[in-house]
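J.: Show me how the following folds:
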Amino acid sequence: MNGLHLIADLQACRCAPALLLDAPGLEAYCVDACQRHGLTVVGRLFHAFHDAADQPAGVTGTVVLAESHMAIHTWPEIGGVTLDVYVCNFSGDNSSKARALFAEVIEHFAPDGQQCTTVERGRLAPLK
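T.: Residues are numbered from 1 along each chain as shown. Below you'll find the model as predicted:
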């Protein structure tokens, strides 16, 4: 269960506004980024939301990795993005790949503000 979970809340993103609304484009970018950083994509699901007037209203997406997952959620009305990158380090240390992916995605959205959290997962005391 040893792993690394990187979490970001991005505010006032200066990326092209369409990036926050385009589910197929965001999916292609996320899958490509995961692969470029040496992670193994085994599945994906991206969903575009629409408001009551059927206007685009954000995207939720997940890339399932052999090493674990990447999840992203956009709020175009406020230029917000939440990002999770979680990798398992049980059979090999994937931390550097996760950190590089995380940094690239944050840079891609160009936020004016961000709050990032790092969680070391699976550091449990032995069972007695």
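J.: separation between the closest residue to F90 other than its chain neighbours and P24?
T.: Taking Cβ to Cβ, 6 or more residues apart in numbering as the measure, F90 lies nearest to N2, with 5.5 Å between them; neighbours along the chain are not counted. For glycine as for every other residue, the C-beta is placed from the backbone atoms N, C-alpha and C. Distance, N2 to P24, by Cβ to Cβ, to the nearest Å: 35 Å.
J.: what residues are up against M1?
T.: C88, F90, R121, G122, L124 (Cβ atoms under 8 Å, 6 or more residues apart in numbering).
J.: what about burial for those residues, which qualify?
T.: Restricting the contacts of M1 to buried positions leaves C88, with burial counted as 16 or more other Cβ atoms under 10 Å.
J.: Which member of the contacts of M1 is positioned nearest C13?
T.: C13 lies nearest to R121 out of the contacts of M1, by Cβ to Cβ, at 27.0 Å.
J.: re earlier: N2 and P24: who's more crowded?
T.: N2 (15 against 10; other Cβ atoms under 10 Å).
J.: which phi and psi does that one have?
T.: With angles defined as degrees, to the nearest 10, N2 sits at phi -60, psi 120.
J.: and if you look at Y29?
T.: Dihedral angles (degrees, to the nearest 10) for Y29: phi -60, psi -50.
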